[in-house]
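Asks: Mind looking at a prediction? Sequence and model below.
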Amino acid sequence: LTETYHMSFYMQYLAKWPEYFMATRAPGSERLTGYVMGKVEGVGENWHGHVTAVTVSPDYRRLGCAQNLMKFLEDVSEHVHNGYFVDLYVRKSNDVAIGMYTKLGYSRYREVIGYYSGEENAYDMRKALPRDVHKKSIIPLPAPVHPGPND
């Protein structure tokens, strides 16, 4: 499951990066089936889109919904912000999500020690965008790192 946030967190993101929000609905219904939210950050060749959250209702999983939401965020990162890559954090123990992101073209860039409340490590997974011609943004780091101020 996606981490949950306070409403003020969602509203702050929506106000600052509205282009990075998308929600999907069930056909012929008002029922939400999933959403993605993100942001753009970094400087120079570290300029990138970041997936803050992507979630799909259990009834709509394995139907390509997450793939479509991720594609939307990647397109915004590439065509609106001209980013070098897209990144996301995933719990090291979440094999299902890691498998899905790998199928979508993401690779493990680094392991971040204690990223989740100091209790669980995360993988920072990345997908290079066309601007990163030499794919420098996805060359994996050789050893785990501790979270920095931008993580």
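Replies: Sure thing, it's come through. Everything quoted here is computed from the prediction, not taken from an experiment.

Asks: Please report how far the closest residue to G83 other than its chain neighbours lies from V51.
Replies: Spatially, and ignoring its direct neighbours in sequence, G83 is nearest to S77 (4.2 Å; Cβ to Cβ, 6 or more residues apart in numbering). From N, CA and C alone the C-beta is placed, and that goes for glycine too. Between S77 and V51 the computed distance is 9 Å (Cβ to Cβ, to the nearest Å).

Asks: Who has more neighbours out of those two?
Replies: In this view S77 and V51 are compared by other Cβ atoms under 10 Å, and S77 has more residues nearby, 28 against 24.

Asks: Secondary structure of that one: a helix, I assume?
Replies: Yes. Assessed by DSSP: H, G, I helix; E, B strand; the rest coil, S77 belongs to a helix.

Asks: For it, report the pLDDT, please.
Replies: As predicted, S77 sits at a pLDDT of 98.

Asks: what does the one 3 residues further on give?
Replies: Here the pLDDT value assigned to V80 is 98.

Asks: For S77 and V51, list the residues in contact with both.
Replies: Common contact partners of S77 and V51 (Cβ atoms under 8 Å, 6 or more residues apart in numbering): 38, 86.

Asks: can you list the weak-confidence ranges in this protein?
Replies: Scanning the chain for pLDDT under 70 picks out the ranges 1-3.

Asks: residue boundaries of the helices in it?
Replies: Assigned by DSSP state H, the helices in the chain fall at 7-16, 65-75, 95-103.

Asks: Reformat these as a markdown table; add mean neighbour count.
Replies: Output for the helices of the chain, formatted as a markdown table (neighbours: other Cβ atoms under 10 Å):
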| stretch | mean neighbour count |
| --- | --- |
| helix 7-16 | 12 |
| helix 65-75 | 18 |
| helix 95-103 | 14 |
